[in-house]
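Engineer: coordinates only, sequence not included:
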């Protein structure tokens, strides 16, 4: 069974004027069909306003479809009886690390989700320990979140989600507010979760370098899925990506330019190492 | 500019008072404050002093931290004392124009000052030995019976702990906004009162907008983590009374009873 499936998903935001009357509608997500299998690492790319964050909120039943349907692990998101089951199975990491940490101590924040789920006290502690060790934040368990760096805060958020034992995690631009070091920390944690714990990850991002590790990429534009495929397939279509105002990884761009100038190297190069190999360079 | 502020002024160390259940400390502090207004004679005040001194010693908090809380109320204290000294009618000891110092005034002012000082130090000892988190947990538990009359006890304590978590974040943000406005020529240093108030507007508006945005984000994050009120929620750190807490209640009760006895006897 598919972990996540959307069928012709549509979402309209209603615009209201000052008196609260409906004055217009904006279609943020327009007929999206996607399917994610258990254990996959998925990247959703898109420009600002492409509808990718709205899509993300549908995948955790924070928003409900205007049209079409979303199934999480076989449960339909607009079924009120399944709401809490869905939210437990689908963990969500948001962009701003400060605005998603509730506890005043790291360990208390990680325990927040299990507390809400009604997990017995002893098991909460086991889950907190396990989750904090998974993201490498166990030594910081007694610290105040305010004293951590952005990357560390985001790892605490990830631990908070892991402690709920989700089947998949949606990360809505988790690195957008971090410095390069913090970005690497978070992406490394996400990949480790996928590799080791076999948790399905949906990473929403506009940073192309983060998408190269995905099994499958969906590129969104104007609420629709414009391109999809493996990273090699997607990034070899450099001109189409440019037309969508999206970048491709630096190595891909360099390879593309070199090809244009007549050098014989394959399309779909993603990393510096691959580029070096194609050029016959020793790294 | 906000570097010096530590919230709830918690002093981290390990002491018998730190380990005590927050509910005992809350009840104890309330009882102590009430007792301060029960006792009338000097023996009673001495007992209150003895109790407080023992607590400070037990808390392992350096005295200067305990006394630091006094700074904030020093002016109020001086005004109270001055009013009591000069305005209490009675046997005049010394007079200067309309100002008269009376014997009753002196006694009354001294009593008032002692009460106020003990009250502030007493509650400082509690906040110094209890984390804000434990305090809100303790309050939630103590106010539990109010749930029966539909007081949203869990929600109140959740709001308190979220507020505590966001105060440092919002302070940092205020600092950032101030610097941004100063870079564009805003004047926060002006001594003039109207100027000062006016300069607050460009500070408060962005701060409020940002606070609302944060609140919205936080609510979403809490929902995503299955938060649905206090119903069916378990606790990671449940409050359970231990032997020492029962003993603590006993000590508080004994002190309280002694104060009542002293009042009745008139000491």
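Structural biologist: Done, it's in. Since the model is a prediction, treat every value here as computed from it, not as a measurement.
Engineer: Quick check: closest non-adjacent residue to residue A:213.
Structural biologist: Nearest non-adjacent residue to residue A:213, counting by Cβ to Cβ, 6 or more residues apart in numbering or on different chains: residue A:191, 5.8 Å away. Every residue, glycine included, has its C-beta placed from N, CA and C.
Engineer: wait, doesn't that neighbour sit right on residue A:214?
Structural biologist: No. Using Cβ atoms under 8 Å, residue A:191 is not in contact with residue A:214, being 9.7 Å away.
Engineer: Quick check: neighbours shared by these two?
Structural biologist: residue A:41 (Cβ atoms under 8 Å, 6 or more residues apart in numbering or on different chains).
Engineer: The two: which has the busier surroundings?
Structural biologist: Comparing residue A:191 with residue A:214 by other Cβ atoms under 10 Å in any protein chain shown, the one with more neighbours is residue A:214, at 23 against 16.
Engineer: tell me the contacts of the more buried one?
Structural biologist: A:41-43, A:203, A:231.
Engineer: next one: residue A:100
Structural biologist: Residue A:100 neighbours (Cβ under 8 Å, 6+ apart): A:93-94, A:157, A:160, B:217-218, B:221.
Engineer: Pick out the residue closest to the middle of the chain.
Structural biologist: No chain was given, so I picked chain A. residue A:203 (2.1 Å; Cα atoms, centre = their mean).
Engineer: Averaged pLDDT, stretch B:18-32. What do you get?
Structural biologist: What stretch B:18-32 shows for mean pLDDT is 91.
Engineer: what sits up against it?
Structural biologist: So stretch B:18-32 is contacted by B:17, B:48, B:51-52, B:59-60, B:118, B:122-123, B:125-126, B:129-130, B:134-135, B:137-139, B:141-142, B:239, B:241-242, B:244-245, B:248-249, B:252-253, B:255-256 (Cβ under 8 Å, 6+ apart).
Engineer: Tell me which of these fall in helices.
Structural biologist: B:17, B:48, B:51-52, B:59, B:118, B:122-123, B:125-126, B:129, B:134-135, B:137-139, B:141-142, B:244-245, B:248-249, B:252-253, B:255-256 (DSSP state H).
Engineer: And residue B:109, how close does it get to residue B:80?
Structural biologist: Here residue B:109 is placed at a distance of 8 Å from residue B:80 (Cβ to Cβ, to the nearest Å).
Engineer: Which one's more surrounded, these two?
Structural biologist: Between residue B:109 and residue B:80, counted using other Cβ under 10 Å, residue B:109 has the larger neighbour count: 21 against 16.
Engineer: quick one: residue B:40 and residue B:266 touch, right?
Structural biologist: Yes. Between residue B:40 and residue B:266 there is a contact at 7.4 Å, judged by Cβ under 8 Å.
Engineer: between those two, which one's more packed in?
Structural biologist: More crowded of residue B:40 and residue B:266, by other Cβ under 10 Å: residue B:40, with 14 against 9.
Engineer: Please name the spatially closest residue to that one (chain neighbours excluded).
Structural biologist: residue B:263 is the one closest to residue B:40 (Cβ to Cβ, 6+ apart), at 5.9 Å.
Engineer: So what touches the helix or strand where that neighbour lies?
Structural biologist: Assigned by DSSP states H and E, residue B:263 belongs to helix B:243-265. Helix B:243-265 has contacts (Cβ under 8 Å, 6+ apart) with B:16, B:19-21, B:23-25, B:27-28, B:31-32, B:34-35, B:38-41, B:43-44, B:47-48, B:51.
Engineer: A strand includes residue A:178, no?
Structural biologist: No. Under DSSP: H, G, I helix; E, B strand; the rest coil, residue A:178 falls outside any strand and is assigned coil.
Engineer: wait, isn't it in contact with residue A:157?
Structural biologist: No. In this structure residue A:178 lies outside contact range of residue A:157 using Cβ under 8 Å: 11.7 Å.
Engineer: Any chance you could list residues touching both of those two?
Structural biologist: In contact with both residue A:178 and residue A:157: residue A:97, using Cβ under 8 Å, 6+ apart.
Engineer: For the contacts of residue A:214, give me a markdown table that also has distance to residue B:155, pLDDT and secondary structure.
Structural biologist: Below are these laid out as a markdown table (distance: Cβ to Cβ, whole Å; pLDDT from 0 to 100; DSSP: H, G, I helix; E, B strand; the rest coil):
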| residue | distance to residue B:155 | pLDDT | secondary structure |
| --- | --- | --- | --- |
| A:41 | 39 | 92 | strand |
| A:42 | 37 | 91 | strand |
| A:43 | 39 | 91 | strand |
| A:203 | 34 | 92 | strand |
| A:231 | 46 | 87 | helix |
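Engineer: which of those tops the neighbour count?
Structural biologist: The most crowded member of the contacts of residue A:214, judged by other Cβ under 10 Å, is residue A:203 (29 neighbours).
Engineer: now the residue nearest to residue A:213: how far from chain B?
Structural biologist: Separation of residue A:191 from chain B (Cβ to the nearest Cβ, to the nearest Å): 22 Å.
Engineer: So for that residue, what pLDDT did the model give?
Structural biologist: 89.
Engineer: ok now the longest strand along chain A, how far from the chain's centre?
Structural biologist: If you go by DSSP state E, chain A has its longest strand at strand A:22-36. Put simply, strand A:22-36 sits 18 Å off its chain's centre (Cα atoms, centre = their mean, to the nearest Å).
Engineer: Stretch A:102-120 now?
Structural biologist: Put simply, stretch A:102-120 sits 22 Å off its chain's centre (Cα atoms, centre = their mean).
Engineer: so does it get close to chain B?
Structural biologist: Yes. For stretch A:102-120 and chain B, the contact criterion (Cβ under 8 Å from any Cβ of the partner chain) is met by A:102-105, A:107-108, A:111-120.
Engineer: Surely residue A:64 is in a strand?
Structural biologist: No. In this structure, residue A:64 is coil, not part of a strand, as judged by three-state DSSP.
Engineer: What is the burial count for the closest residue in space to it that isn't next to it in sequence?
Structural biologist: Nearest residue to residue A:64, sequence neighbours excluded (Cβ to Cβ, 6+ apart): residue A:78, at 5.0 Å. Residues contacting residue A:78 under the criterion other Cβ under 10 Å number 12.
Engineer: hang on, residue A:170 in a strand?
Structural biologist: Yes. Using three-state DSSP, the assignment for residue A:170 is a strand.
Engineer: Just the buried ones out of the contacts of stretch B:18-32, please.
Structural biologist: Those of the contacts of stretch B:18-32 that meet the buried threshold are B:17, B:48, B:51-52, B:59, B:118, B:122, B:125-126, B:129-130, B:134-135, B:137-139, B:141-142, B:245, B:248-249, B:252, B:255-256, by 16 or more other Cβ atoms under 10 Å in any protein chain shown.
Engineer: Now do the contacts for residue A:240.
Structural biologist: A:226-227.
Engineer: ditto for the one 10 residues further on
Structural biologist: Neighbouring residues of residue A:250 by Cβ under 8 Å, 6+ apart: A:209, A:272.
Engineer: Just the pLDDT for residue 130.
Structural biologist: Since you didn't name a chain, this refers to chain A. Looking at residue A:130, the pLDDT reads 91.
Engineer: Oops, wrong one, chain B.
Structural biologist: Looking at residue B:130, the pLDDT reads 86.
Engineer: Not counting its own residues, what contacts the helix or strand containing residue A:8?
Structural biologist: Following DSSP H and E, one finds residue A:8 within strand A:4-16. Contact with strand A:4-16 is made by A:22-36, A:51, A:54-55, A:58-59, A:63, A:65-73, A:168, A:200, A:202, A:223, as judged by Cβ under 8 Å, 6+ apart.
Engineer: Quick check: the residue nearest to residue B:40 vs residue B:181, distance?
Structural biologist: Distance from residue B:263 to residue B:181, by Cβ to Cβ: 57 Å.
Engineer: Check residue B:233 too.
Structural biologist: Taking Cβ to Cβ, one finds residue B:233 at 42 Å from residue B:181.
Engineer: for chain A, what are the nearby residues on the stretch 151-267 of chain B?
Structural biologist: B:161-162, B:164-165, B:168-169, B:214, B:217-218, B:220-228, B:232-238.
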